[in-house]
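K.L.:
when you get a sec, could you give me coordinates for this:
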Amino acid sequence: MRNINEDTITQAVLASMEQCHNPRLRTIMTSLVQHLHSFARDVKLTEDEWFSAIKFLTDVGHITDDARQEFILLSDVLGLSTLVTAQNNVKPAGCTEATVFGPFFIEDAPEYPLGADISNGACGEPCFVSGRVMSTDGTPLAGVTVDVWQSDEDGYYDVQRPPTAPGEHVHRARGKLTTDSEGRYYFKSILAQPYPIPHDGPVGAMLEALGRHPWRPAHLHYMLSAPGHERLITHVFRDNDQYLDSDAVFGVRSTLISDWVRHDEGTAPDGTTMDRPFHTLKYDFVLNPA
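P.N.:
All right, here's what the predicted structure looks like:
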């Protein structure tokens with residue numbers, strides 16, 4: 001491995017991995033090295049550009065913490081998240097499509113009974129959400145865990161708000177519910193609004209340099225887990241949003257767009273009397289048997 005030059009470096013690196021006993025790791029790293037080296041040769045990468053890339057990735061790491069995952073944002077805006085999601089979630093016709101996970105899911109979301117107000121004080125117009133979860137043969141699925149989360153009307157998720165104490169956040173517009181014996185889920189929250197992804201860091205600077213905007217169309221995040229079925233991670237998008245055709249993270253699917261219906265003050269779906277306008281959303285999910 002002496003006297004390596006630009007023509008022999010790739011094969012030298014590949015040869016250094018010959019003792020790797022993990023075949024999948026070796027496959028991935030072989031392809032990665034080949035593509036990285038081909039990229040550098042293709043664009044004739046300069047030393048200054050290489051150093052700028054190292055600094056960019058370093059900055060991405062420095063800004064990442066428990067409340068902000070800049071690496072997921074980077075993957076999202078480069079379309080890598082959508083690519084990986086699409087090629088790993090090919091489903092039969094009729095199944096609800098998957099889309100990107102996003103950086104704001106948390107494991108310890110509060111659990112709520114059906115019909116509860118999961119907004120927990122988040123700012124926004126009231127919205128009543130309902131639907132059913134079914135298998136591909138139309139069988140309603142009981143006991144499905146439904147994780148749902150969204151931003152408030154200011155465009156912030158609860159984890160982006162200042163903590164009440166170090167490491168402690170009040171969870172708002174986020175919750176975990178369980179479908180009933182007829183596969184139904186229903187809850188009260190707030191109207192989804194478009195919002196920009198965090199763009200005050202290195203990913204935002206990259207978007208600006210590329211002439212791209214950071215906006216996402218209004219949506220609700222869902223993760224559904226049912227025994228005997230594949231887990232589904234997806235969104236439901238609000239129809240007629242101006243960013244449906246230019247989502248910063250390429251997550252929109254036509255089948256995931258639905259109508260949020262506006263209602264004047266009056267009786268809400270849960271029987272309560274609303275003294276201001278509210279919205280309703282109905283969306284059914286079809287899960288793929290495992």
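K.L.:
please count neighbours and contacts with C-alpha atoms only from this point.
P.N.:
OK.
K.L.:
number of nearby residues for the closest residue to Cys95 other than its chain neighbours?
P.N.:
Using Cα to Cα, 6 or more residues apart in numbering and skipping residues adjacent in sequence, the residue nearest Cys95 is Val286, 4.9 Å away. Residues near Val286, counting by other Cα atoms under 10 Å, number 21.
K.L.:
now do Asp284
P.N.:
With other Cα under 10 Å as criterion, Asp284 counts 13.
K.L.:
the residue nearest to Cys95 pairs with what?
P.N.:
Per DSSP bridges, the residues bridged to Val286 are Met134.
K.L.:
contact partners for it?
P.N.:
Going by Cα atoms under 8 Å, 6 or more residues apart in numbering, Val286 touches Gly94, Cys95, Thr96, Val133, Met134, Ser135, Thr136, Gly138.
K.L.:
please redo it, this time with the cut-off set to 6 Å
P.N.:
Contact analysis of Val286 by Cα atoms under 6 Å, 6 or more residues apart in numbering lists Cys95, Thr96, Val133, Met134, Ser135, Thr136.
K.L.:
mind checking the SS state of Gln11?
P.N.:
Secondary structure state of Gln11, per DSSP: H, G, I helix; E, B strand; the rest coil, is helix.
K.L.:
tell me the pLDDT of it.
P.N.:
pLDDT, Gln11: 96.
K.L.:
before we move on, back to that, ok, so of the contacts of Val286, who is nearest Pro202?
P.N.:
Thr96 (33.7 Å; Cα to Cα).
K.L.:
for the closest one, which non-adjacent residue is spatially closest?
P.N.:
Val286 (5.2 Å).
K.L.:
looking at that neighbour now. What's its pLDDT?
P.N.:
Reported pLDDT for Val286: 98.
K.L.:
same question for Lys44.
P.N.:
Lys44 carries a pLDDT value of 98.
K.L.:
separation between the residue nearest to Thr96 and Thr85?
P.N.:
17 Å (Cα to Cα, to the nearest Å).
K.L.:
how about Pro196?
P.N.:
To Thr85, Pro196 is 22 Å away according to Cα to Cα.
K.L.:
show me how far stretch 230-242 is from its chain's centre.
P.N.:
10 Å (Cα atoms, centre = their mean, to the nearest Å).
K.L.:
got the buried residues for the top helix by length along the chain?
P.N.:
When the chain is parsed with DSSP state H, its longest helix is helix 23-43. The neighbour-count check on helix 23-43 (16 or more other Cα atoms under 10 Å) flags Arg26, Thr30 as buried.
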